[in-house]
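J.: Here is a sequence with its predicted model. Questions after.
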Amino acid sequence: MSSTLSSASRKSASRRSATPVVAVPASRDLVVDFIRVACMFAVVAVHLLMMGISVTDSGIGVGNPLTSLSWFAQGTWFGQVMPLFFIVGGFASLTSWRSLKRKGGDGADYLRNRVLRLVRPTVALYIFLAIALWSATASGVPVDLLAVIAAGAGVQLWFLAAYLICQAMVPTMAKFHEAAPYRTIAALAAGAVVVDVLRLGLERNPWGFDSNPIGLLNMVFVWGLLQQLGFFYADGFFDRFAKWKLVLAAAGCYAVMVPLTHAGPYPVDMLTSQNPPMFPLILVGLAHILLVKAVYPVLQRCVHVGWVQKVMFVVGSRAMTIYLWHLPLIIAMFGIALVLRLPFPEPASTEWWLSRPLFYVAAWALVLLVSTPLVRLELASTALAPGAVRPAMWRIAAGTVLAIIPPFVVMRSALNVSNATWGVVLLVIAVALVSGKLPDRAWKTPRSVSSGAAAS
């Protein structure tokens with residue numbers, strides 16, 4: 001009997017050793033990786049639930065079933081995860097920036113690495129979208145239906161514009177953070193408030209003036225402040241406080257939001273406060289990171305479970321690819337279901353809710369399948385070839401601006417055939433400028449260290 005148990009024990013140990021836990025550097029904060037992956041699961045879930053397709057005798061209808069739920073607007077105070085995403089992104093950015101500086105890199109190196117990592121997978125998406133929209137137009141898809149589909153496929157692109165802007169700010173904002181962290185936060189918060197006051201004050205002007213462009217300044221102040229909170233996280237600022245103080249502070253953030261939204265000028269729904277971003281998103285993000293730190297020991301235990309680390313590695317290693325492609329693939333999945341004449345329950349009905357888990361699993365299966373060959377664009381090295389020299393800073397800056405323009409325009413006017421097409425051109429030029437692929441070595445600046453050595 002003991003011999004049998006010993007043999008079984010050896011086999012079990014052998015199986016465990018054959019599937020080791022994913023190795024990670026000792027200095028890496030796995031909780032941050034966990035949050036980013038959890039945010040990705042949440043984003044896919046919310047976007048899936050926001051697509052309610054109804055098939056009637058009069059045609060195909062597309063709506064957002066979540067807006068019919070009485071608790072949805074208030075629920076976004078907890079379910080709106082993008083502020084938290086910018087905070088943990090700020091943690092990763094400052095960590096990467098400091099590592100790069102230690103290896104002799106500078107701001108141009110940092111920006112080059114980040115643009116290549118973010119934009120190369122975006123080029124593939126834009127090519128796909130341009131081909132798909134041109135094909136749909138040529139095949140006679142009704143214009144109104146195609147407009148709805150195209151707009152839905154490009155909803156997520158706002159994040160690329162906002163994140164690229166924040167990434168371009170990292171070297172400068174890191175210097176401000178090191179010199180005067182609290183004054184930097186205060187200045188960004190004041191800027192966000194001023195922009196909101198101007199925007200909301202002009203919203204009902206008698207001249208028909210569009211105040212939304214003013215609100216776009218908060219892409220710097222709101223998202224930039226949230227990124228700055230990630231810098232504080234990286235410095236261990238939140239570790240100074242007891243759990244009860246963290247929870248109390250988070251409750252205070254929500255308490256402040258009540259008069260701002262229910263009695264003040266801000267909407268209760270934090271998704272409608274996203275583009276352009278508004279001040280309450282700062283309170284949402286701060287509340288979220290405070291609660292994360294309050295339950296940090298629990299999350300630490302969770303992230304050291306073997307299967308959890310493997311899920312984090314699979315999703316985290318292709319996070320940008322998944323984010324970019326999940327909406328077009330969800331739309332494609334529903335299109336296939338329509339072609340196969342699968343039943344479509346009435347959106348928000350009991351049958352509809354019961355069918356969502358199956359669609360959610362199917363969406364993730366499709367996303368992981370498609371992302372497998374595409375992830376190499378995200379993971380490809382940003383290092384320069386041996387003997388190569390880095391492009392001049394002005395070219396990197398110009399490439400960054402060109403990379404921001406296509407998703408920014410989609411954010412403002414929705415995706416269509418036109419901006420998908422010229423977006424491909426601008427993104428390809430941006431990558432060529434930043435990577436140093438365009439000829440004329442006179443435009444390039446020699447470097448004593450490889451800028452890709454510290455790619456994040």
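T.: Here it is on my side, so go on. Numbers count the residues shown, from 1 in each chain.
J.: Let's see the stretch of helix or strand A332 belongs to as CSV, backbone CA atoms only.
T.: Per DSSP states H and E: A332 is located in helix 319-339. This file holds the C-alpha atoms of helix 319-339, laid out as CSV (Å, rounded to 0.1, in the frame of the first residue of the first chain):
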residue,chain,number,x,y,z
ALA,A,319,-3.4,42.5,-24.2
MET,A,320,-3.2,45.2,-26.9
THR,A,321,-4.0,42.8,-29.6
ILE,A,322,-7.0,41.5,-27.7
TYR,A,323,-8.2,45.0,-26.9
LEU,A,324,-7.9,46.1,-30.5
TRP,A,325,-9.6,43.1,-32.1
HIS,A,326,-12.3,42.1,-29.6
LEU,A,327,-15.0,44.4,-30.9
PRO,A,328,-14.6,43.6,-34.6
LEU,A,329,-14.5,39.9,-33.7
ILE,A,330,-17.6,40.1,-31.5
ILE,A,331,-19.4,41.8,-34.4
ALA,A,332,-18.2,39.1,-36.8
MET,A,333,-19.4,36.5,-34.4
PHE,A,334,-22.9,38.0,-34.3
GLY,A,335,-22.8,38.3,-38.1
ILE,A,336,-22.0,34.6,-38.4
ALA,A,337,-24.9,33.8,-36.0
LEU,A,338,-27.2,35.9,-38.3
VAL,A,339,-26.1,34.1,-41.4
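J.: Show the subsequent helix or strand relative to it.
T.: Downstream of helix 319-339 (by DSSP H and E), the next one is helix 350-379.
J.: That following helix versus helix 319-339: what angle between them?
T.: 140 degrees (axes from the mean of the first three to the mean of the last three Cα atoms, to 10 degrees).
J.: ok, back up a step: packing partners for the helix holding A332?
T.: Judged by 3 or more Cβ pairs under 8 Å, 6 or more residues apart in numbering; DSSP states H and E, helix 319-339 is in contact with helix 30-49, strand 52-56, helix 107-138, helix 143-153, helix 350-379. C-beta: built from backbone N, CA, C; applies to glycine.
J.: Would you mind finding the most buried of the ones you listed?
T.: Ranked by mean neighbour count, the helices and strands packed on helix 319-339 are led by helix 107-138 with a mean of 21 (mean count of other Cβ atoms under 10 Å).
J.: Tell me the confidence at the closest residue to A380 other than its chain neighbours?
T.: Spatially, and ignoring its direct neighbours in sequence, A380 is nearest to R120 (6.6 Å; Cβ to Cβ, 6 or more residues apart in numbering). Note for R120: predicted pLDDT of 94.
J.: R120 and S139: what is the separation?
T.: 30 Å (Cβ to Cβ, to the nearest Å).
J.: Straight-line length of stretch 256-264, end to end?
T.: 11 Å (Cα to Cα, to the nearest Å).
J.: In that stretch, which residues are buried?
T.: Neighbour counts over stretch 256-264 (16 or more other Cβ atoms under 10 Å) mark M257, L260, T261 as buried.
J.: list the contacts for the second one?
T.: Spelled out, it's L260. L260 sits next to Y266, F279, P280, L283 when contact means Cβ atoms under 8 Å, 6 or more residues apart in numbering.
J.: now swap in the first one and tell me
T.: Going by Cβ under 8 Å, 6+ apart, M257 touches W77, P280, L283, V284.
J.: There's contact between the last one and W77 in this structure, I believe.
T.: Yes: using Cβ atoms under 8 Å, V284 and W77 qualify as a contacting pair, with a distance of 6.1 Å.
J.: joint contacts of those two?
T.: Here V284 and W77 have M257, M270 as joint contacts, going by Cβ under 8 Å, 6+ apart.
J.: of these two, who's got more company?
T.: When V284 and W77 are compared on other Cβ atoms under 10 Å, the one with more neighbours turns out to be V284, at 24 against 20.
J.: Could you report the separation of that one from D29?
T.: Counting by Cβ to Cβ - V284 and D29 are separated by 22 Å.
J.: now swap in Y163 and tell me
T.: Taken as Cβ to Cβ, the span from Y163 to D29 is 20 Å.
J.: Between those two, tell me which one has more neighbours.
T.: Taking neighbours as other Cβ under 10 Å, Y163 and D29 compare with Y163 leading, 24 against 18.
J.: what's the helix or strand for the more buried one?
T.: Secondary structure (DSSP H and E) places Y163 in helix 158-179.
J.: Remind me what the helix or strand following that helix packs against, helices and strands.
T.: On the C-terminal side of helix 158-179, the closest following helix or strand by DSSP H and E is helix 181-202. With contacts taken as 3+ Cβ pairs under 8 Å, 6+ apart, helix 181-202 sits against helix 158-179, helix 212-215, helix 218-234.
J.: distance between the last one and the chain's centre?
T.: Here helix 218-234 is found 14 Å from its chain centre; the criterion is Cα atoms, centre = their mean, to the nearest Å.
J.: Check which helices and strands it is in contact with.
T.: Using 3+ Cβ pairs under 8 Å, 6+ apart, the elements in contact with helix 218-234 are helix 82-102, helix 158-179, helix 181-202, helix 280-294.
J.: Save those helices as CSV, and put in mean pLDDT too.
T.: What follows is the helices and strands packed on helix 218-234, written out as CSV (pLDDT from 0 to 100):
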stretch, mean pLDDT
helix 82-102, 95
helix 158-179, 96
helix 181-202, 94
helix 280-294, 97
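J.: got a markdown table for the ones you listed, with distance to I60 too?
T.: Listed next are the helices and strands packed on helix 218-234 as a markdown table, based on distance: least, Cβ to Cβ, whole Å:
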| stretch | distance to I60 |
| --- | --- |
| helix 82-102 | 29 |
| helix 158-179 | 26 |
| helix 181-202 | 36 |
| helix 280-294 | 34 |
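J.: Grab the most central residue of this protein for me.
T.: F159 (5.5 Å; Cα atoms, centre = their mean).
J.: shouldn't that one be in contact with M320?
T.: No: with contacts counted by Cβ under 8 Å, F159 stays clear of M320, the gap being 9.6 Å.
J.: ok, and for the helix or strand containing G61, which residues are buried?
T.: Using DSSP H and E, G61 maps to strand 59-63. By neighbour count with 16+ other Cβ under 10 Å, strand 59-63 contains the buried residues V62.
J.: next helix or strand past that strand?
T.: Proceeding C-terminally, strand 59-63 gives way to helix 72-79 as the next helix or strand, assigned by DSSP H and E.
J.: Now do that next one, average pLDDT.
T.: 92.
J.: who touches that helix?
T.: Outside helix 72-79, the residues that reach it (Cβ under 8 Å, 6+ apart) are 42, 46, 66, 69, 254, 257, 267-271, 284, 287.
J.: Stretch 278-286 now?
T.: Under Cβ under 8 Å, 6+ apart, the answer for stretch 278-286 is 77, 80, 82-84, 86-87, 189, 192-193, 196, 215, 218, 222, 225-226, 229, 249-250, 253-254, 256-257, 260-261, 266, 270, 273-274.
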